[in-house]
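Chemist: have a look; sequence and predicted model below, questions after that.
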Amino acid sequence: MEHILPSYKDPLFSILLIIVLSLIIALATYGWKLYKEQKEAGNLLKFLDKFESSECTLDTTNMPFEEHMFKPLSLLAKAFESAGEYPKAITIYLYLIKNMPSEAAKTELMERLGSIYLHAGFLERARSIFMEILRKKPRNPKVLYELAVVYEMLQEFNKAKEVIEPLAQLDEQTHPLESFLHFSQLLHAPQLSPQERASSLLKFLQKEPSYYRHVIAALFKLDTQMAWQTIDPERTKEILDILWYLPNSQLDLDIISSHQTLSTLYYAKGYLQTPMAQSGNFAIDMIAKARENGFEEGDLEFSYLCQKCKQSFPVSFRRCPNCMAFNSVEVEEQIAKKRTQTDHSLL
């Protein structure tokens, strides 16, 4: 009786065996992939459950989801975010992340969620979100930068510096971030005495002259005499608000009287009695001229523009509150009527 099935020595048997093994491997691989995806989805849901709280004021528990809802809900979340309604924006982003099937869309939504937590001041939540994103996709420069912001705000500067290496590997220009972190670390160095910190900041300024405004502000807190010796009258506009709000007790009249710009500024302010020549700053010169003619109600008001995102703020900043750019502030002054004098320093 002839064998119907091929013998194991038959080439056809080898081919069938290879086909069967390939099918088994393919099915096992597909099953493992499904298992991993389901496990990852379950882990993500558990991870996101940590961020559910009573502060989320929108009830999405029983809201049915369809993919066409993604765009309008995303726009609504952005509107809430722009209006400062962070809990509502967070609720929508959590809902979308849990229901969107697309991994790319989930990653984008997680980035937005982390940014909201960062802007809202929930730094530990922001850190958790960013670390979760980087666990899956470590080559994400935007998230790496924002993680550095979180660590910097937490004053964990060594951890913030750890972000620099992966950014450099992604061909990012890391020197500005390194300089900013070094400056921030000098400002919060409890192991240094005020005099040591002032000296370190002065050395830093020699290497990074673009930090002139921030170093002068710090020096006035640490060593007033060193601050006055460091002031460059040609760069008065960069620190005009600092000088304008400086209390009488911190003035160095010898240095002020030796520079025309500074003399005019403090005549306009009312601290000097002798009329001065023009300083080159329109607002200061107008107030000084008005005072010379007997009108002493002139004052300056300031706003602060981010040179990167062009948003304006009523208070100064080292990092832009909107786009998180560092060392991007530009001082803008305008003439105003003098209010009740409080002699409070900006510092």
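Modeler: On my side now, so go ahead. For clarity, every value in this text was computed on a predicted model and none was experimentally measured.

Chemist: domain assignment for this protein?
Modeler: Structural domains annotated on the chain: 41-57+67-168, 173-230, 234-347, as defined by automatic domain parsing.

Chemist: show me what the helix or strand residue 183 falls within is in contact with.
Modeler: Using DSSP states H and E, residue 183 sits in helix 175-187. Residues outside helix 175-187 that contact it (CB atoms under 8 Å, 6 or more residues apart in numbering): 145, 148, 152, 157, 160-161, 163-164, 167, 192, 197, 200-201, 204, 208, 211, 214-215, 218, 318, 326-327. Glycine gets a C-beta too; all of them are placed from N, C-alpha and C.

Chemist: buried ones from those, can you make that a PyMOL selection?
Modeler: With 16 or more other CB atoms under 10 Å as the criterion, this PyMOL line picks the buried residues out of those:
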select buried, resi 145+148+152+157+160+161+163+164+167+197+200+201+204+208+211+214+215+218+318+326+327
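
Chemist: related to what we said a few turns ago, immediately after the helix holding residue 183, which helix or strand?
Modeler: helix 194-207.

Chemist: mean confidence for that next one?
Modeler: On average, the pLDDT along helix 194-207 is 95.

Chemist: now it against helix 175-187, angle please.
Modeler: What separates the directions of helix 194-207 and helix 175-187 is an angle of 160 degrees, with axes from the mean of the first three to the mean of the last three CA atoms, to 10 degrees.

Chemist: which residues touch helix 194-207?
Modeler: By CB under 8 Å, 6+ apart, the list of residues contacting helix 194-207 from outside reads 182-183, 186-187, 189, 192, 211-212, 215, 218-219, 222-223, 226, 230.

Chemist: then it to PDB, C-alphas only?
Modeler: Coordinates of the C-alpha atoms in helix 194-207 are reproduced here as PDB (Å, rounded to 0.1, in the frame of the first residue of the first chain):
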ATOM      1  CA  PRO A 194      25.600  85.700  49.500                       C
ATOM      2  CA  GLN A 195      29.000  87.100  48.600                       C
ATOM      3  CA  GLU A 196      30.200  83.900  47.000                       C
ATOM      4  CA  ARG A 197      26.900  83.700  45.000                       C
ATOM      5  CA  ALA A 198      27.300  87.300  43.800                       C
ATOM      6  CA  SER A 199      30.900  86.600  42.700                       C
ATOM      7  CA  SER A 200      29.800  83.500  40.800                       C
ATOM      8  CA  LEU A 201      27.000  85.400  39.100                       C
ATOM      9  CA  LEU A 202      29.500  88.100  38.000                       C
ATOM     10  CA  LYS A 203      31.800  85.400  36.500                       C
ATOM     11  CA  PHE A 204      28.700  83.900  34.800                       C
ATOM     12  CA  LEU A 205      27.800  87.300  33.300                       C
ATOM     13  CA  GLN A 206      31.300  87.700  31.800                       C
ATOM     14  CA  LYS A 207      30.600  84.400  29.800                       C
END
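
Chemist: output the contacting helices and strands for whatever helix or strand comes next after it.
Modeler: Scanning the chain past helix 194-207 towards its C-terminal end, the next helix or strand to appear is helix 212-222 (assignment: DSSP H and E). In this structure, helix 212-222 packs against helix 175-187, helix 194-207, helix 224-230, helix 240-244, with contacts taken as 3 or more CB pairs under 8 Å, 6 or more residues apart in numbering; DSSP states H and E.
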